[in-house]
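below are the sequence and a predicted model; questions follow.
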Amino acid sequence: MAKPITEVPVNALENVTMTMATYNSCEGDLEIMNQTGSELAAGEWYSIQR
């Protein structure tokens, strides 16, 4: 049985977090929290790897 992934730091930015709000085996919704006071740009495609 696979263990759920809750948080994995990758390319960490201070005061920016990205979590999986909802997910299943083939898709999910990301939640990005930016508390830097700056505007950040993000791409439209992500590859989540374990």
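Sure, I can see it.

switch to C-alpha atoms for all contacts and neighbour counts from now on
Noted.

look up how far Leu30 lies from the nearest residue to Glu14 once chain neighbours are set aside.
Computed as CA to CA, 6 or more residues apart in numbering, the closest residue to Glu14 that is not its neighbour in sequence is Thr36, at 7.6 Å. Distance, Thr36 to Leu30, by CA to CA, to the nearest Å: 18 Å.

quick one, what contacts the residue nearest to Glu14?
14-16 (CA atoms under 8 Å, 6 or more residues apart in numbering).

mind listing the strands whichever strand or helix holds Thr22 pairs with, and their directions?
Assigned by DSSP states H and E, Thr22 belongs to strand 16-23. Sheet pairing of strand 16-23 (DSSP bridges) gives strand 28-34 (antiparallel).

can I get the strand it pairs with in PDB? Just the C-alpha atoms.
This file holds the C-alpha atoms of strand 28-34, laid out as PDB (Å, rounded to 0.1, in the frame of the first residue of the first chain):
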ATOM      1  CA  GLY A  28      -4.800  16.800  -8.800                       C
ATOM      2  CA  ASP A  29      -5.300  20.500  -7.900                       C
ATOM      3  CA  LEU A  30      -2.300  22.600  -6.700                       C
ATOM      4  CA  GLU A  31      -2.500  25.300  -4.100                       C
ATOM      5  CA  ILE A  32       0.300  27.900  -4.200                       C
ATOM      6  CA  MET A  33       0.700  30.300  -1.300                       C
ATOM      7  CA  ASN A  34       2.900  33.300  -2.000                       C
END
